[in-house]
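[1] Could you look at this predicted model? Sequence included:
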Amino acid sequence: MSDSSEQRPDSHRLILRQSRKEDYQDIAEIMERVYPTMDGAWSQAQFESQILRFPEGQICIEDNGKVVAAAISLVVKYSRWGQDHRYWDIVGNGFLTTHDPKGDVLYGVDVFVHPDYRDLRLGRRLYDARKELCESLNLRGIVVGGRIPGYAKVAAEMTPQQYVAKVRSRELTDPILTFQLANDFQVRRIVRGYLPDDKASAGFATLLEWVNIYFEENAGIIGGRPSDVRIGAVQWQMRPTRSLEDLFGQIEYFVDAVSGYQADVVLFPEFFNGPMMAPWNDQGPAEAVRQLAGYTEAIRDQMLKYAVSYNINIIAGSMPEYDGDKLRNVCYLLRRDGSWDRQYKVHVTPDEVSYWGLKGGDRVRVFDTDFGKIGILICYDVEFPELPRLMAEEGMHILFVPYWTDTKNAYLRVRRCAQARAIENECYVVITGSVGNLPKVENMDMQYSQAAVFTPSDFAFPHDAIAHEATPNTETMLIADLDLDNLREVRSHGSVRNLQDRRLDLYDLKWRRQ
């Protein structure tokens, strides 16, 4: 923390920008100076969570490389909170777990300026930046809960309503309310108990609103992301396949069939191209899987063409792929706009190591699509709860799990874990695998599968938390409609709120490699 006698540089170089994780010490120093009687600074875990959940809403001003002012915001569906909410509830105890990307109001969490910089009108700059953000996101307006720290001194003489009226008419000056009124905010309500420990405000606060006059009610319908998503999953029959053309014919059949239902995405199983290993079976599984890797690029490119021509996003199960000199298990996300991404399997099974010599990847990602944020975990990876939790923290709505299992107990490991991931991360989980037998492909001779779509377990979802499931061990496809608004509802107002109620003051989860 800087000494209060520290002198500012003679010349300023002020830069308005988004806050970054490395700004924590500067921002903590300001908060300790500004709020010495109100618990001081946010914790570093709270600060990092704010940036992770809504980076655009965390704004600061630096002067010659040092942060001297900052604003914290989130987006909420205001009708879900109403006029009588409390500060710590709506800000998710400082972690912004209540941030809703589909909300309609920018909610001001805090604005603070270093005491040595209060003559530079930095607060106004931050308020103007918030207004620009509100307009760019096409939100209805900005709502803030404003302390009235001058009220306690006159509480014996007048009511809060009278105090606010006198500040409005400029008979009195309040350190916060006067500033907010000068920035075009209007008082909509006086709230008791908004910040119960705020003794300077005698426990009262004002709810203020700034209206975005450029808000367009129907903006974003064309080109925006839908709240209802239709997914397809292929329960794939393993059968002898003589050539790539035979394989492509089978792939195209299902892409055509699922796209005919106007689905947004179709999921294929792990190692669905396994029959192509048959010609090298007598050379052992390690050589056969390496020969299979030689087809991977051609299969990816052909499936990408199907994604574009059939107007459907394809999650291409998994295939072996060389990453340098390492053989990995890869799933491709093939978007209908012609772009693509990959996700490597992180945890390879003992069987994959001993038979095929596969290596695990070292990162997981959350992917942007035209129907929302998704994650992909290949089979065994879903049995490790840390990975989906990291994805959920980055806003994942749907987790896709292509798997290959040979027996029912192996399948049930995947299924039970996928169901748990849906509940604990308040997301949808889609799983699918292969059925049938491959007698001439060692290590893939039996298959067991029952494709399914799992949901959180609450009133907005099916009573058994299963949106759909296929007939076991039968070649088929599964179609299901998923409502993303239900996820937003359960995360903020569910019977239980697994993400929101985590004790981040006691524990956290961090990815060691970036």
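    Happy to help now that I have it.
[2] Work out for me the element Gln235 sits within.
    Element membership for Gln235 (DSSP states H and E) is strand 228-237.
[3] Please spell out which residues along stretch 393-405 are buried.
    By neighbour count with 16 or more other CB atoms under 10 Å, stretch 393-405 contains the buried residues Glu393, Gly395, Met396, His397, Ile398, Leu399, Phe400, Val401, Pro402, Tyr403, Trp404, Thr405. Quick note: C-beta positions are derived from backbone N, CA and C, even for glycine.
[4] Next step: those restricted to helices.
    Those of the buried residues of stretch 393-405 mapping onto helices are Glu393, per DSSP state H.
[5] if I pick the closest residue in space to Gly494 that isn't next to it in sequence, what's in contact with it?
    Distances taken as CB to CB, 6 or more residues apart in numbering place Asp458 nearest to Gly494, at 4.9 Å, with adjacent residues excluded. Neighbouring residues of Asp458 by CB atoms under 8 Å, 6 or more residues apart in numbering: Val490, Gly494, Ser495, Val496.
[6] Verify the stated contact: Glu62 with His12.
    No: at 10.2 Å, Glu62 does not count as touching His12 under the criterion of CB atoms under 8 Å.
[7] The two: which has the busier surroundings?
    When Glu62 is set against His12 and neighbours are counted by other CB atoms under 10 Å, the residue ahead is Glu62, at 18 against 12.
[8] now the protein, which segments are flagged as low pLDDT?
    1-10, 218-226, 514 (pLDDT under 70).
[9] To what extent is Gly372 buried, counted in neighbours?
    23.
[10] do the one 3 residues further on as well
    Burial of Gly375, expressed as a neighbour count using other CB under 10 Å, amounts to 28.
[11] do the same with the one 3 residues further on
    The burial count assigned to Ile378 is 25, neighbours taken as other CB under 10 Å.
[12] How about Val308?
    By other CB under 10 Å, neighbour count at Val308 equals 15.
[13] same deal with Asp406?
    18.
[14] Let me see the contact set for the residue nearest to it when sequence neighbours are not counted.
    Spatial nearest neighbour of Asp406, chain neighbours left out: Met446 (4.4 Å); criterion: CB to CB, 6+ apart. By CB under 8 Å, 6+ apart, Met446 lies in contact with Asp406, Thr407, Asn437.
[15] thinking again about what came up before, widest-spaced pair of the buried residues of stretch 393-405?
    Distance extremes for the buried residues of stretch 393-405: the farthest pair is Gly395 and Thr405 at 29.3 Å, using CB to CB.
[16] Now do the phi/psi pair for Arg290.
    phi -70, psi -40 (degrees, to the nearest 10).
[17] Please list all residues in contact with the nearest residue to it once chain neighbours are set aside.
    Nearest residue to Arg290, sequence neighbours excluded (CB to CB, 6+ apart): Leu327, at 6.7 Å. Applying CB under 8 Å, 6+ apart, we find Leu327 in contact with Val289, Arg290, Ala293, Pro320, Glu321, Trp356, Gly357, Leu358, Lys359.
[18] quick one: Leu327 is in a strand?
    Yes: with DSSP: H, G, I helix; E, B strand; the rest coil as the criterion, Leu327 is part of a strand.
[19] who's it bridged to?
    Tyr322 (DSSP bridges).
[20] Please shift the residue numbers so they start at 44 in all later answers.
    Understood, numbering begins at 44; the last thing we discussed is Leu370.
[21] Against Asp394, how distant is it?
    14 Å (CB to CB, to the nearest Å).
[22] Dig out what the residue nearest to Glu437 when sequence neighbours are not counted forms beta bridges with.
    Nearest residue to Glu437, sequence neighbours excluded (CB to CB, 6+ apart): Val409, at 4.2 Å. Beta-bridge pairing for Val409 (DSSP bridges): Gly418.
[23] from what I can see Val409 touches Lys416, true?
    Yes: Val409 is within contact range of Lys416, at 5.3 Å (criterion: CB under 8 Å).
[24] Now for these two: what residues contact both?
    Glu437, Gly438, Met439.
[25] want to throw these into TSV with distance to Pro283?
    As requested, the shared contacts of Val409 and Lys416 are arranged in TSV below (distance: CB to CB, whole Å):
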residue	distance to Pro283
Glu437	41
Gly438	43
Met439	37
